[in-house]
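[1] need coordinates for the following:
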Amino acid sequence: MKHSSFFKASLVVLVSVINLLMPQKVSAQSTVYFFMRKIYNTELDVYQNSKPIFNMVGPVTKSQQVKSAMVLPLETQAPCKRKAVFAATGKTIFSIDATYTNPVNAKIAKYAAEIQLNLTDGATYYVFITRKGFNDLKMELLSDKEAEKMLKDKKFVALDDYDEVN
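    Modelled structure (predicted):
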């Protein structure tokens, strides 16, 4: 009888150790890469379900003041990319609010765009923020092939990662 209780206790300890060693899934997570080509005199904020999450503007690479025509300098902002990890799964709306300041007359124009993604655990999405005509922006999904090309492109400045999970 003494032998069987020792066996049961050993079995319980062994099962406990195995459970501790197995990787535990903390939460579901999805990865979204955001890309933006070079822009001029623009501030751009990204939102998740109407909650602001980060600014999506590359560093200023060139500032040019044309004396006769411009009130403000024309600031060229580098193309950029940002990796974002989200705990949410399911339907998620990502949106942008952009403010463009015209260097000629200092007038401000506002632009907005959004994209709905159905985030699934472990999936990766690639969102490209680009022009839609001359006076608007849009957000569109990229194929894996297009995204890989942009991820490898050294012209795209990597902004700090955004991690909602950690």
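
[2] which stretches of the protein form strands?
    Assigned by DSSP state E, the chain shows strands spanning 30-36, 39-40, 42-48, 51-55, 60-64, 74-77, 80-86, 90-101, 108-119, 124-131, 137-141, 157-158, 162-163.

[3] ok, which of these comes nearest Glu148?
    Closest of these to Glu148 is strand 124-131, at 8.8 Å (criterion: CB to CB). In short, each C-beta sits where N, CA and C put it, glycine included.

[4] for the protein, which spans come out with low pLDDT?
    For the chain, the stretches with pLDDT under 70 are 1-27.

[5] start and end of stretch 66-74, how far apart?
    The first residue of stretch 66-74 is 8 Å away from its last residue (CA to CA, to the nearest Å).

[6] only the buried residues of it, if you could.
    For stretch 66-74, the buried set under the neighbour-count rule, 16 or more other CB atoms under 10 Å, comprises Leu74.

[7] can you give me how far that stretch is from the chain middle?
    Put simply, stretch 66-74 sits 33 Å off its chain's centre (CA atoms, centre = their mean, to the nearest Å).

[8] list the contacts for Tyr126?
    With contacts taken as CB atoms under 8 Å, 6 or more residues apart in numbering, Tyr126 has the following neighbours: Val32, Tyr33, Phe35, Leu141, Leu142, Ser143, Asp144, Glu146, Ala147, Met150.

[9] which among those residues count as buried?
    Burial by neighbour count, judged by 16+ other CB under 10 Å, picks out Val32, Tyr33, Phe35, Leu142, Ala147, Met150 from the contacts of Tyr126.

[10] surely the third one touches Met139?
    No. Shown here, Phe35 and Met139 do not form a contact pair, counting by CB atoms under 8 Å, at 10.1 Å.
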